[in-house]
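J.: 3D model of this:
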Amino acid sequence: MTPGGLGRPSLARRLVLLAVGWSFAALVVTAVVLALLFQQAALRRFEQTLGVLVDNLIAGSTYEGGALVAPAFTDARALRVYSGLYWTIAEPTKEGRLLTATPARSRSLWDAELRPPEDLLQRVRANPGRLVAFDAAGPQPGERLRGVARIATIDGHESVFLAAEDRAPIDRDVRNFVAATALSFVVLGGGLILAVFAQVRIGLRPLFRLQGEVAAVRGGKADRVQEAYPAELEPLAQELNALVLHNQETVERQRTHVGNLAHALKTPISVMITEAGQRPGPLAEVVTRQAEVMRQQVDHHLRRARAAARAQGPGERTSVAEVLDELSRTLERIFQAKGVTIDWDAPDDLWFAGERQDLLEIAGNAMENAGKFGRRRVRVRADGAGVGLLRLVIEDDGPGLSPDQREEVIQRGARLDESAPGSGLGLSIIDELARAYRGSLTLGASALGGLSVAIELPRAQT
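T.: The predicted structure is shown next:
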């Protein structure tokens, strides 16, 4: 199913659990109903067989010499002691009870009596001519009987004819049926769960595709959602495209405003510096110095504004390997007289989530600084640094900086107006752009003996 933390609500999980819940309830109710129907059908067949025996008893019974005589024919099991099949002909008493201790009974009862429920007489009288079913205890310990009774009048005498049989076979058949049904329903339930899971996965597949396309837009692989989606998701895809377009237009307007502001501020500052340079004097020196500070402030804040606008824009990504290759070839030509060699390494699938110009400026300043202050060797390594981050490490074999100096340089780099002019480090630019992309800059000691500059930046998805 859809990805996400276990504690977060999941639409796929919710659909699967809902379907599993009602499927389980439906299967349980169906299994119970089927078991009850099977039991009732088995009991009806059982009672019909006993009803035939009762009808034969009624048809063959007569009164001879004032005594009720049962027919000679009977089931062979009724002749075997405690065989499980029993019959008796009971006489109603004046007290409204049944007298079952009569000679007219099956041999299988031997010296025992068939003891029906106390209300059986009232029930058979309330249903004349019909079979009335009842449960009773058998003559054997733990034996449960299922019986039927019918009242009839023989030669003017009212008698109740009863037949009962051990219900253990019925109960065993019901248990076997319930076990087979339960096993079948467990298999059916497992199949339904798999079917529901597959149905949810297939049904939500367009949503997963939309998620992938949005991730591709955010990672710079695409500029809009392009696939066709079902009617329920098509409005969402259109709204996402509209949102992406709106963000792109907003970023472009920000870039335009930044460019206009840069032009509007830099031109007057340049004019002030030029005019002050043509009129030497104390006032001109003050104007020149303050105008330079203003230019540095303008450059500082405009650079941060441009980087922040680019960082907000979707769909921007740059190959780190291509940028490092281009910078290495360029800087090796620049420092050719010094004999500087730049050794770089970066995976081909490592992408910076930002504009190429910004990565050129970040990596270029760091590598130029290493080439300028190093002796002959510069090493550049780029790789992933966790989820959504990449790490760029530039090392040189120069004199390096002490821990106090490294901390001081970073503190100065945080505010350009405090940076010493002509330092040549370029760390303030790196720090500004890295922070604009929610990254970081860390200085340390290099294994080559000089300075190590570690830069963390956002990483685009491959």
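
J.: how near is the residue lying farthest from the centre of the chain to Asn365?
T.: Farthest-out residue of the chain from its mean C-alpha position, per C-alpha atoms, centre = their mean: Gly65, at 86.8 Å. Noted for Gly65: a distance of 132 Å to Asn365, by C-beta to C-beta, to the nearest Å. (C-beta placed from N, C-alpha, C; glycine too.)

J.: Same check on Gly191?
T.: Going from Gly191 to Asn365 by C-beta to C-beta gives 64 Å.

J.: Repeat that for Gly444.
T.: For Gly444, the distance to Asn365 - C-beta to C-beta - is 17 Å.

J.: now swap in Gln199 and tell me
T.: Gln199 is 56 Å from Asn365, by C-beta to C-beta.

J.: ok, the two, which is more surrounded?
T.: A direct count of neighbours by other C-beta atoms under 10 Å for Gln199 and Asn365 places Asn365 higher, at 20 against 14.

J.: Assign the more buried one to helix, strand or coil.
T.: When classified by DSSP: H, G, I helix; E, B strand; the rest coil, Asn365 comes out as helix.

J.: And for Ala164?
T.: Ala164 carries the three-state label strand when classified by three-state DSSP.

J.: Can you read off the pLDDT for it?
T.: We have a pLDDT of 93 for Ala164.

J.: That one contacts Gly147, doesn't it?
T.: Yes. Using C-beta atoms under 8 Å, Ala164 is in contact with Gly147, at 3.0 Å.

J.: what is in contact with the two at once?
T.: Jointly contacting Ala164 and Gly147 under the rule C-beta atoms under 8 Å, 6 or more residues apart in numbering are Leu50, Tyr86, Leu114, Ala136.

J.: quick one: the second one is in a strand?
T.: Meaning Tyr86. Yes. Counting by three-state DSSP, Tyr86 is part of a strand.

J.: Name all residues that make contact with it.
T.: By C-beta under 8 Å, 6+ apart, the residues touching Tyr86 are 78, 105-106, 108-109, 114, 138-139, 145, 147, 163-165.

J.: 7 Å - rerun?
T.: By C-beta atoms under 7 Å, 6 or more residues apart in numbering, the contact set of Tyr86 is Ala78, Ser106, Ser108, Leu109, Leu114, Ala164.

J.: Can you pull the phi and psi angles for the third one?
T.: This points to Ser108. phi -70, psi -20 (degrees, to the nearest 10).

J.: now do Asn176
T.: Main-chain torsions, Asn176, degrees, to the nearest 10: phi -60, psi -40.

J.: Now do it: how many residues are near it, please.
T.: 11.

J.: Can you give me every residue that contacts it?
T.: So Asn176 contacts nothing (C-beta under 7 Å, 6+ apart).

J.: Please report how far it lies from Pro169.
T.: From Asn176 across to Pro169, the span is 11 Å (C-beta to C-beta).

J.: Give me the phi and psi angles of Glu95.
T.: Phi and psi for Glu95, reported as degrees, to the nearest 10, are phi -80, psi 0.

J.: do the same with Val387
T.: The phi/psi pair for Val387 (degrees, to the nearest 10) reads phi -70, psi 120.

J.: Distance check, it against Ala149.
T.: For Val387, the distance to Ala149 (C-beta to C-beta) stands at 81 Å.

J.: How about Asp325?
T.: Distance of Asp325 to Ala149, given as C-beta to C-beta: 103 Å.

J.: Out of the contacts of Tyr86, which is nearest to Asp404?
T.: Ala164 (106.0 Å; C-beta to C-beta).

J.: On the pLDDT front, check Leu327 for me.
T.: pLDDT, Leu327: 92.

J.: State the helix or strand in which it lies.
T.: Element membership of Leu327 [criterion: DSSP states H and E] is helix 320-334.

J.: can you list contacts of that helix?
T.: Under the contact criterion C-beta under 7 Å, 6+ apart, helix 320-334 has outside partners 340, 342, 344, 346-348, 350-352, 356, 359-360, 363-364, 367-368, 371, 380, 382, 390.

J.: in that helix, what's buried?
T.: For helix 320-334, burial by neighbour count (16 or more other C-beta atoms under 10 Å) applies to Val320, Ala321, Val323, Leu324, Leu327, Ser328, Leu331, Glu332.

J.: and what of stretch 47-63?
T.: Residues Glu47, Leu50, Gly51, Leu53, Val54, Asn56, Leu57, Ile58, Ser61 are the ones in stretch 47-63 that count as buried (16+ other C-beta under 10 Å).

J.: and if you look at stretch 145-159?
T.: Of the residues in stretch 145-159, Leu145, Arg146, Gly147, Val148, Ala149, Arg150, Ile151, Ala152, Ser159 count as buried by neighbour count, 16+ other C-beta under 10 Å.

J.: residue contacts, the first one?
T.: By that I understand Leu145. Listed by C-beta under 7 Å, 6+ apart, the contact set of Leu145 reads Asp135, Ala136, Ala137, Gly138, Ala164, Glu165, Asp166, Arg167.

J.: residues contacting the third one?
T.: Taking C-beta under 7 Å, 6+ apart as the definition of contact, the neighbours of Ala137 are Arg115, Glu143, Arg144, Leu145.

J.: if we go to 10 Å?
T.: Shown in contact with Ala137 (C-beta atoms under 10 Å, 6 or more residues apart in numbering): Leu114, Arg115, Glu143, Arg144, Leu145, Ala164.

J.: Could you single out the nearest of those to Arg205?
T.: Nearest to Arg205 out of the contacts of Ala137 is Arg144 (C-beta to C-beta; 57.2 Å).

J.: Please name the nearest non-neighbouring residue to the closest one.
T.: Among residues not flanking Arg144 along the chain, Arg167 sits closest, at 5.4 Å (C-beta to C-beta, 6 or more residues apart in numbering).

J.: ok, now Tyr63?
T.: Using C-beta to C-beta, 6+ apart and skipping residues adjacent in sequence, the residue nearest Tyr63 is Asp155, 4.1 Å away.

J.: pretty sure that neighbour contacts Gly65?
T.: No. Asp155 is beyond contact range of Gly65, at 11.4 Å (criterion: C-beta atoms under 10 Å).

J.: Give me the neighbour count for Gln140.
T.: Per other C-beta under 10 Å, the neighbour tally for Gln140 reads 12.

J.: Please report phi then psi for it.
T.: The phi and psi values for Gln140, taken as degrees, to the nearest 10, are phi -90, psi 150.

J.: Ile202 now?
T.: According to degrees, to the nearest 10, Ile202 has phi -70, psi -40.

J.: From Ala216, how far out is it?
T.: According to C-beta to C-beta, Ile202 stands 22 Å off from Ala216.

J.: Give me the neighbour count for Arg317.
T.: 21.

J.: pLDDT value on it, please?
T.: Predicted confidence (pLDDT) for Arg317: 79.

J.: Quick check: closest non-adjacent residue to Leu192.
T.: Excluding the flanking residues, the one nearest Leu192 by C-beta to C-beta, 6+ apart is Ser23, at 4.8 Å.

J.: element containing that neighbour?
T.: Judged by DSSP H and E, Ser23 forms part of helix 11-60.

J.: mean confidence score for stretch 177-188?
T.: When pLDDT is averaged along stretch 177-188, the result is 91.

J.: next one: stretch 291-299
T.: So the average pLDDT for stretch 291-299 ends up being 72.

J.: All set, thanks.
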